[in-house]
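*Asks:* Sharing a model that was predicted from the sequence below.
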Amino acid sequence: MIAILLGAIAASPWMRAALRYGAIALAVLLFLLSLRRFGERAGRLTERLETTEKAYDVQRQMLEAAARRPRDRDELVDRLRDGGF
């Protein structure tokens, strides 16, 4: 029954053209939607990368500060006397 109905619809040249253009429009719409999803995903990945870079930068600064700290009390006293802090 459905095959007969589709055969009758596809028999008309106008309906074939409408189906063809409808299929093209659907394909373009699906492509644009997938492109939008890809853009959103890329934006989220970029944001995650920026956040990770900031965290690594803060961690690097903390490690550099730890490397410059006084090793013992004598070095701390020397720095305080020299005004190195």
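*Replies:* Arrived safely, thanks for sending. Numbers count the residues shown, from 1 in each chain.

*Asks:* how about the helices of this protein, start to end?
*Replies:* 2-11, 13-67, 73-82 (DSSP state H).

*Asks:* And the last one, what does it pack against?
*Replies:* Using 3 or more CB pairs under 8 Å, 6 or more residues apart in numbering; DSSP states H and E, no helix or strand is in contact with helix 73-82. (Each C-beta comes from the backbone N, C-alpha and C, glycine too.)

*Asks:* what mean pLDDT would you report for it?
*Replies:* The average pLDDT within helix 73-82 is 88.

*Asks:* The second one now?
*Replies:* Per-region confidence: helix 13-67 scores 94 on mean pLDDT.

*Asks:* how about CSV for the helices of the chain, with mean neighbour count added?
*Replies:* Formatted as CSV, these follow (neighbours: other CB atoms under 10 Å):
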stretch, mean neighbour count
helix 2-11, 9
helix 13-67, 10
helix 73-82, 11
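
*Asks:* Not counting stretch 36-54 itself, show me its contacts.
*Replies:* By CB atoms under 8 Å, 6 or more residues apart in numbering, no surrounding residue is in contact with stretch 36-54.

*Asks:* Off-centre distance for it?
*Replies:* 3 Å (CA atoms, centre = their mean, to the nearest Å).

*Asks:* From L29, how far out is T51?
*Replies:* Taking CB to CB, to the nearest Å as the measure, T51 falls 33 Å from L29.

*Asks:* Ok, R79 next?
*Replies:* Going from R79 to L29 by CB to CB gives 68 Å.

*Asks:* Likewise for R41?
*Replies:* For R41, the distance to L29 - CB to CB - is 19 Å.

*Asks:* Please apply the same query to L76.
*Replies:* Distance from L76 to L29, by CB to CB: 69 Å.

*Asks:* Kindly report the same for A11.
*Replies:* Taking CB to CB, one finds A11 at 27 Å from L29.

*Asks:* what does Q59 give?
*Replies:* 45 Å.

*Asks:* same deal with V77?
*Replies:* Between V77 and L29 the computed distance is 74 Å (CB to CB).

*Asks:* And for A23?
*Replies:* Separation of A23 from L29 (CB to CB): 11 Å.
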